[in-house]
Structure formats: structure tokens, C-alpha cells
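Asker: Any chance you can model this:
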Amino acid sequence: QELEKVQAELQAEQNKNAQLTARVSQLESALSLSEAEKQSAVTERDSLSLQLCSSTRQVETLERSLAEATGALAGLRSERAALMVQQESLESQRMTLEAERARLQSLIGELQTRVAQQEEQINMAEQERRMLHNSLQELKGNIRVFCRLRPHLPSEAPPQRPFLLLPDERTVEVLRTDPETQRQTALTFSFDRVFPGVASQSEVFAEVSQLVQSALDGYHVCIFAYGQTGAGKTHTMEGPAGELTLEDERRGLIPRALHQVFGEACKQRHWTYTMVASFIEVYNETLRDLLAPPSQLSTAPLQLKMARKDGPVTVANLTEVNVTSAEQISQLIRCARKNRAVAATKCNERSSRSHSVFRLDIVGHNSHSGLGCRGRLNLVDLAGSERLSESQSEGARLREAQNINRSLANLGNVILALSNRADHVPYRNSKLTHLLMDSLGGNSKTLMLLNVSPREENISETINSLRFATKVNQCHIGTARKNL
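Answerer: Prediction:
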């Protein structure tokens, strides 16, 4: 029994020992796990320590940035306060300036109104002055003279020193230099109007438009361009070659005058007008019809005739075309230019070596009053004068130049005779003066447009032209009368 008891105790001890062994194993296993956890905790601790150091540095950096930002913010607040004060000051200035601007705008408006009124008064006074001047010229019966200075062409070098001066709108001064002493002497010429080189075609026409209007009112009107070769006569009278619109500034006096005539004719109540156009060329003392068909250009020349000694000059067999619009006349002008160009191929560019006369006869009738009127508009482009010694012409060109100079000299003789009130005026010494007899010595309002070259080498011809124009301006042809 004791053995069983001992065996039982032994078995109990063995069981207890087994339990203890199992417990030890458990504890050893738990210890191993704790060691791993400890190692993980140490690793985590080290990592957290590193993070803490980094965060500490970041905090320090942020604290420094915060301090800097706080300082900057304080500076900005101070600057903002200063800007607010400045803004208030500027706003006050702006309001003051706005009030001043409103005052100035009101003042400008008043001044602009006053200037407009004064300009209107000036324009009215200028129109009245021109009308009085025209009336005075008509009462005096003198031929009016306008002078136009041609501008320098791009191919022309300007003079080293000015020799043509325009002190005002009625005076031309020529400074002539002595080649030996280099001293300048001034020659002064006065005309009814002087246009500088910068004057436009419309400015020139504005001065002659009242004269053109007189043709509709029943007067004979003659406008002729005079000057040496290359002074701009054809440009003034016709403008450049080619078709130009009604808005083109380069249009010459002829298309502008005709446009005005037809425009005004359409505006007048109860009046109807019949207009007949013709175009004559004077070349080598021969009259040619520029509106004739090309096949008839080489036929017998035209003849001048007078029904009686003191009657009007007529041209026999002249082509006369009834016209109803300015556009139709533009076609006639192109036809005339073409005919002159055809002749130029046979006669050494005769188109620039001849006189041309455009004539428009106007017959008006008033259906309301029964009154009528007869007007005539002569627009003349004279050939340019030139010195034979300088032109070096020969053959046909020499004969052309001689005839041109002879006809212009005869024109001068007629002007001189009229100025001296001579008993005999030599109109018949030249086809040109005979053709213009009614305009120079008859019942006509006559205007001479003197064209002057700006080239210094042409100064002698310029002075001759200015002297001749002065004689023309002094020429008394009598007061024009309305033709009823």
C-alpha cells in the first residue's frame, strides 16, 4: 500500500513536474515573445526619437518662419496703413482733379463754341471779301490773275537756298542772285491770288468756282493757263491722264468746272439748260477739231469767221456736241486726248506743243418767268513758252517752238495794246488771239492762271512769266454784261 502510495505520490510529482515543465515552456515562450516585443519597442523608440528630433527642428524652423512672417506682417500692416493714408490723399486729389476736369471741359466747350462762331464769322467775312473783291474786279473790268507755284517733283533737287517766296496769298517775291557778287535782289509781284506748291486742286478750284458759276448766269467766262513748259498747266487744267473718280483730289479745273455747272443747273428751279461742247487745238497756227472722227483729223483746218466787224468770233465746221452730263463731257475730253495722242505720233508729240481750247456754250430758259440767258465757258491750256537757244529744237520741233512763241508774243502784244487803250488791237495776228478775241477784249469775265516752275535754272523764264502776268492783271477789258 505504501508502494502504491509512493507510486501515487511519484505519479503526482511527475504530473506536477510535467506541469512545471509545461509552465516553464510557456514562460520561456512568453519570454521570447517579450524579447521580440522589447526589441520592436526599442526600434520604435529609436524611430520615434528620430522623428522627435526632426519634428523639433521643423518646429524651430516654423517658429523662425513665424517670427519672420509676424515681422513682415507688422511691416505690411504699417505699409498698408501708410498706403491707406496715401489713398485717401490721392482720392482727395482725384476728386479735385475731376472737378477741375469738369470745369475745363465746360470751358473747352464754351471756347469751341466761340471758336466755331468766330470761324463762321471769319468764313462769312472771307466770302464777303471775295465777293466784294470780285465785284471790284468786275467794276474795274480787269483780267484777274492767279499764280500757282508747282511743287518740286521727286526727281528734282530743291534749290540750295530759297529764291521764290510767297509772303502772303497775293504776293510773289523772286530773289535773283548775282553770279559775280552772290548778292540777292528781290523782285515783287502782286496778283489777285497766289497758291503755294502745297495747294491742292480743290483749293485752286474753290477760288475760281464763282467765276464758273457766272457762265450759268449768262456771262462769257474764260479761264486760261499760262506758263513755261513743265510749269504744271495741263495738270492744273485737266489733272493727270486716265479716268478719275469724282472724289479724286487730282481732278483738274476742267472736270471740276463741268461737274459744278451740271450740278448747279439741276438745282435751279424753273430753269432748263441746253449745253453744247467743242474742243479746239491750235497747232502751228492751224485750228484743228479734236472732237472730229479720227478719219477727219487730216482734213482741211477749221476757219475763224465773224458775222460783222464787232460781232462774235465763230468757228466754221466745228464739231459741236449736245451734252447732258459731266460724265458725257469726260468722255469727250478722253476723245480729245486720244485725237491729240494720235496726232502726236505723226508730229513729234504735238500734244504738249499746242494750245487747246475747251468751249461750253450754255443756253438757259426759265419756264416760270420766260427769261433766258446765254453763257459761254472757255477753258484754255496754252502751250509752254521756251527759249529756242535752250531748247535746242530743230526741224519740225523748231517750227513748233517758233509758232508757239510767236502766238504767245502776239498774245502779249494784244495785252499791251489793251493796256495802252490802243485804237487798234492786233487780234488777227495769231489764230490764238483771234480765237480768244471775245474773251480778251469783249464781253467776258476772264481769269489767267499763271503756272510757275520751282526750278532755279528756270528763274529767267519765271520772271518773264511773272512780268507778263502783271501786264495782264493791269489790262482793262471792260465790265462784263449778262447775255439775255
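Asker: Show me what counts as buried in stretch 266-284.
Answerer: 271, 273, 275, 277-284 (16 or more other Cβ atoms under 10 Å). To be clear about C-beta, it is placed using only N, CA and C from the backbone, and glycine gets the same treatment.
Asker: Can you flag which of those residues belong to strands?
Answerer: Taking DSSP state E, the ones among the buried residues of stretch 266-284 that sit in strands are 271, 273, 275, 277-283.
Asker: Going by distance to Pro426, which of these wins?
Answerer: Distances from Pro426 to those, taken as Cβ to Cβ, are shortest for Val282 (16.3 Å).
Asker: tell me the contacts of the closest one?
Answerer: Taking Cβ atoms under 8 Å, 6 or more residues apart in numbering, we find Val282 in contact with 288, 354-357, 407, 431-432, 435.
Asker: do the same with Gly197
Answerer: By Cβ under 8 Å, 6+ apart, the residues touching Gly197 are 149-152, 454.
Asker: Same check on Arg399?
Answerer: Asn284.
Asker: Next secondary structure after the one helix or strand it maps to?
Answerer: Following DSSP states H and E, one finds Arg399 within helix 396-419. The element immediately downstream of helix 396-419 (helix or strand, assigned by DSSP H and E) is helix 431-435.
Asker: do you know how far Ser444 is from Pro167?
Answerer: Distance, Ser444 to Pro167, using Cβ to Cβ, to the nearest Å: 31 Å.
Asker: Between those two, which is the more surrounded one?
Answerer: A count of neighbours by other Cβ atoms under 10 Å puts Ser444 above the other of Ser444 and Pro167, at 23 against 10.
Asker: quick one: Gln184 and Ile463, what's the gap?
Answerer: Gln184 is 13 Å from Ile463, by Cβ to Cβ.
Asker: swap that for Leu318, sorry
Answerer: Leu318 sits 37 Å away from Ile463, going by Cβ to Cβ.
Asker: what do you get for Asn483?
Answerer: Asn483 sits 38 Å away from Ile463, taking Cβ to Cβ as the criterion.
Asker: cool, Ala480 as well?
Answerer: 31 Å.
Asker: Repeat that for Glu173.
Answerer: Shown here: Glu173 relative to Ile463, a distance of 11 Å by Cβ to Cβ.
Asker: just Gln117 next, same as before
Answerer: 44 Å.
Asker: isn't there a strand covering Leu175?
Answerer: Yes. Using DSSP: H, G, I helix; E, B strand; the rest coil, the secondary structure at Leu175 is a strand.
Asker: Could you list every helix and strand in contact with the longest helix seen in the chain?
Answerer: Counting residues, the longest helix found in the chain (DSSP state H) is helix 2-140. Contacts defined by 3 or more Cβ pairs under 8 Å, 6 or more residues apart in numbering; DSSP states H and E place helix 2-140 against helix 201-216.
Asker: which helices and strands sit right next to the next helix or strand after the helix it packs on?
Answerer: Going down the chain from helix 201-216, the next helix or strand is strand 220-226, by DSSP H and E. Under the contact criterion of 3+ Cβ pairs under 8 Å, 6+ apart, strand 220-226 touches helix 201-216, helix 233-237, strand 372-381, helix 437-441, strand 444-452, helix 459-473.
Asker: Please identify the most buried of these.
Answerer: Of all the helices and strands packed on strand 220-226, strand 444-452 carries the top mean neighbour count, a mean of 26, counting by mean count of other Cβ atoms under 10 Å.
Asker: how far off helix 201-216 does that one point, in degrees?
Answerer: For strand 444-452 against helix 201-216, the angle by axes from the mean of the first three to the mean of the last three Cα atoms, to 10 degrees is 160 degrees.
Asker: picking up where we left off before, is it possible to get JSON lines of the ones in strands among the buried residues of stretch 266-284 that adds distance to Pro426?
Answerer: Output for these, formatted as JSON lines (distance: Cβ to Cβ, whole Å):
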{"residue": "Trp271", "distance to Pro426": "39"}
{"residue": "Tyr273", "distance to Pro426": "36"}
{"residue": "Met275", "distance to Pro426": "33"}
{"residue": "Ala277", "distance to Pro426": "29"}
{"residue": "Ser278", "distance to Pro426": "25"}
{"residue": "Phe279", "distance to Pro426": "26"}
{"residue": "Ile280", "distance to Pro426": "20"}
{"residue": "Glu281", "distance to Pro426": "22"}
{"residue": "Val282", "distance to Pro426": "16"}
{"residue": "Tyr283", "distance to Pro426": "21"}
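Asker: Out of these, which comes closest to Asp423?
Answerer: For these, the nearest to Asp423 is Val282 (26.6 Å; Cβ to Cβ).
Asker: I'd like to know the beta-bridge partner residues of that closest one.
Answerer: Residues in a beta bridge with Val282, per DSSP bridges, are Leu287, His355.
Asker: on that earlier part again, Ser209: which of the contacts of Val282 is nearest?
Answerer: Nearest to Ser209 among those is Val357, at 20.5 Å by Cβ to Cβ.
Asker: excluding its backbone neighbours, what's nearest the closest one?
Answerer: Once flanking residues are discounted, Val357 sits nearest to Ile280: 4.5 Å by Cβ to Cβ, 6 or more residues apart in numbering.
Asker: ditto for Val380
Answerer: Phe224 (3.5 Å).
Asker: tell me, how many neighbours does that neighbour end up with?
Answerer: Neighbour count for Phe224, taken as other Cβ under 10 Å: 25.
Asker: Would you mind measuring from it to Val145?
Answerer: Counting by Cβ to Cβ, the gap from Phe224 to Val145 is 11 Å.
Asker: Now do the shared contacts for those two.
Answerer: With Cβ under 8 Å, 6+ apart, Phe224 and Val145 have common neighbours 447-449.
Asker: quick one: which of those residues is nearest to Val323?
Answerer: Once Cβ to Cβ is applied, the member of these that ends up nearest Val323 is Leu447, at 22.6 Å.
Asker: pLDDT score for the closest one?
Answerer: Note on Leu447: pLDDT of 90.
Asker: check contacts around Asn410.
Answerer: Counting by Cβ under 8 Å, 6+ apart, Asn410 touches 426, 429-430, 432-433.
Asker: can you do 6 Å?
Answerer: Neighbour list for Asn410: 429-430, 433 [criterion: Cβ atoms under 6 Å, 6 or more residues apart in numbering].
Asker: got it, and Glu264?
Answerer: The contact partners of Glu264, by Cβ under 6 Å, 6+ apart, come to Leu216.
Asker: Check Gly252 too.
Answerer: Shown in contact with Gly252 (Cβ under 6 Å, 6+ apart): 237-239.
Asker: Closest one to Ser106 out of these, please.
Answerer: Lowest distance from Ser106 to these (Cβ to Cβ) belongs to Gly239, with 46.8 Å.
Asker: shouldn't the closest one be in contact with Leu253?
Answerer: No. Counting by Cβ atoms under 6 Å, Leu253 is not a contact partner of Gly239; they are 8.5 Å apart.
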